[in-house]
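Trainee: After the sequence you'll find the predicted model.
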Amino acid sequence: MSSTLLFPLHDRRAPLVGIARLAAQGESIREGHDVEYFTLPAKSLLNRCVSKRKLPFTWTINPYRGCEFGCRYCYARYTHEFMEMRDGLEFEQKIYVKQHAADVLRHELRKVKKNESIALGTATDPYQPAERRYEVTRGILEEFSRHKGFELGIVTKSNLVLRDIDLLCVIACSNTLSIHITITTLNTDLARILEPRAPRPDLRMDAVRTLSKAGFDVGLSCSPVLPGITDSPADLEALVRESAAAGARHIFANALFLKPCSMAVFLPFIEQHFPHLVGNYRQRYRDHSFLPPSYTRRISQLMAQLRVKYGIGRGDPRGTSVGKWPVENCDEQLALF
């Protein structure tokens, strides 16, 4: 199947440019349960974060465009719009596999200066199902294993990260490495509808336990926190308690924010599974993508108290007591692409 068929005829009257042109020229390499995979030439892999606010990383790497996990709240759906794909569901249905990523990275690492950190997996999960077949992330880690002196953080919802524990050991010996496992709820049934194709939360927690026992600086992201669904003090305390028992070194939680393309997917989900919350969500996000500062402060204060209670000393791997990965309630998450 030619991927040019993905675009309606009226969209092809004007010539596509940039990433949209590259995406249109990608070759279909596999199909499966409503997901298609396409090649995407990678002219650059390192993306510099440009922000007026201080972020804990300078560069980001995303081995794929799109993410098959299909998390209903995913903020990154907008990134497919750069390829002239306006349907938010295409983000999880059409996955672009970056070609020759490790080779490109080898040349680009020269741009990274001392004390500039790199985040792997900020807009799309580096260990989504495509990685089992295409191993783009593993190739990137193989390249990092040949270097020293870098600061690398990995963000994922998948226990597939354990496949690469051999490379992670090599990287950690000569670089600063932190690993962030995202778990939004311990309720397996809830996780199945929120994150339909992500590994179960217990498997992710087992990955935290394994990585911690192996000596890695591993922690949890409980983000996003969903009002009325995952934000009860009891639920957040359960996450922190289980994280501490698994050996997590750091943990943070940030509130849900919704850009228009994400809202178009998330609200129908709420209507189907949490109809009693529809009015609440429409009101909260009618004129803003973010929840008010009072809500985010409450979550931050609660997480700080829970970290103290369960002996997790840090909100982020750099040793601060306030979660800064990513910055709370700000647009920088949209710059992680």
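Mentor: Good, I have the coordinates.
Trainee: so which helix or strand takes in the residue at minimal distance from the centre of the chain?
Mentor: Centroid check for the chain by Cα atoms, centre = their mean gives residue 122 as the closest residue, at 4.4 Å. Under the criterion DSSP states H and E, no helix or strand holds residue 122.
Trainee: Also residue 38?
Mentor: Assessed by DSSP H and E, residue 38 sits inside strand 35-41.
Trainee: same thing with residue 296?
Mentor: Per DSSP H and E: helix 293-310 holds residue 296.
Trainee: by contact count, what packs against that helix?
Mentor: Applying 3 or more Cβ pairs under 8 Å, 6 or more residues apart in numbering; DSSP states H and E, we find helix 293-310 packed against helix 233-246, strand 250-252. All C-beta spots, glycine's among them, are computed from the backbone N, C-alpha and C.
Trainee: For residue 94, name its beta-bridge partners.
Mentor: residue 36 (DSSP bridges).
Trainee: Now do it against residue 297, distance only.
Mentor: Applying Cβ to Cβ, to the nearest Å, the value for residue 94 to residue 297 is 38 Å.
Trainee: So if I had to pick from the two, which one is more boxed in?
Mentor: With other Cβ atoms under 10 Å as the criterion, residue 94 and residue 297 differ in neighbour count, and residue 94 comes out ahead with 23 against 13.
Trainee: wouldn't that one be in contact with residue 64 here?
Mentor: No - applying Cβ atoms under 8 Å, one finds residue 94 not in contact with residue 64, separated by 10.8 Å.
Trainee: thought residue 226 was touching residue 72?
Mentor: No - applying Cβ under 8 Å as the test, residue 226 and residue 72 come out as separate, 9.3 Å apart.
Trainee: intersection of neighbour lists for the two?
Mentor: residue 194 (Cβ atoms under 8 Å, 6 or more residues apart in numbering).
Trainee: Residue 154: helix or strand, and which one exactly?
Mentor: In this structure, residue 154 sits in strand 151-156 according to DSSP H and E.
Trainee: Let me see the residues that make contact with that strand.
Mentor: By Cβ under 8 Å, 6+ apart, strand 151-156 touches 56-57, 115-122, 125-127, 144, 161, 171, 175-182, 221, 317, 325.
Trainee: try stretch 173-180
Mentor: 117, 144, 147-156, 161, 168, 171, 211, 216-221, 250, 317, 325.
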